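Engineer: Structural data only, the sequence is not supplied:
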């Protein structure tokens, strides 16, 4: 069965995407094997709290 041009383009695009995903998976595996290569995970909750001692919900809840 012969593919139409648009089908061939979609298959090539999908192959390119899957190659990129495979590269990212391989890089993630390297990072997982070497934890010192991983960047630190930011603590968004801590940075969002103005007063770290007050963790109570507002009275309107």
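Structural biologist: Perfect, thanks for sending it. Please read all numbers here as calculations on a predicted model, not as lab measurements.
Engineer: going forward, measure contacts and count neighbours with C-alpha atoms only.
Structural biologist: OK.
Engineer: neighbours of residue 28, just the number please.
Structural biologist: Counted by other Cα atoms under 10 Å, the residues lying close to residue 28 total 13.
Engineer: How about residue 30?
Structural biologist: A count of neighbours around residue 30, defined by other Cα under 10 Å, yields 13.
Engineer: Buried residues, the helix or strand where residue 27 lies. List them.
Structural biologist: Assignment of secondary structure by DSSP states H and E places residue 27 within helix 5-33. With burial defined by 16 or more other Cα atoms under 10 Å, not one residue of helix 5-33 is counted as buried.
Engineer: tell me the mean pLDDT for that helix?
Structural biologist: Looking at helix 5-33 alone, the average pLDDT works out to 89.
Engineer: Give me the helices and strands touching it, please.
Structural biologist: If you count contacts as 3 or more Cα pairs under 8 Å, 6 or more residues apart in numbering; DSSP states H and E, helix 5-33 packs onto no helix or strand.
Engineer: what about residue 36, distance to residue 45?
Structural biologist: To residue 45, residue 36 is 24 Å away according to Cα to Cα, to the nearest Å.
Engineer: I misspoke; the intended subject was residue 20.
Structural biologist: With the distance defined as Cα to Cα, residue 20 ends up 32 Å from residue 45.
Engineer: same question, residue 25
Structural biologist: In this structure, residue 25 and residue 45 are separated by 28 Å, where distance is defined by Cα to Cα.
Engineer: Assign residue 45 to helix, strand or coil.
Structural biologist: Put simply, residue 45 is helix when judged by DSSP: H, G, I helix; E, B strand; the rest coil.
Engineer: before we move on, what about residue 40?
Structural biologist: When states are read from three-state DSSP, the local structure at residue 40 comes out as coil.
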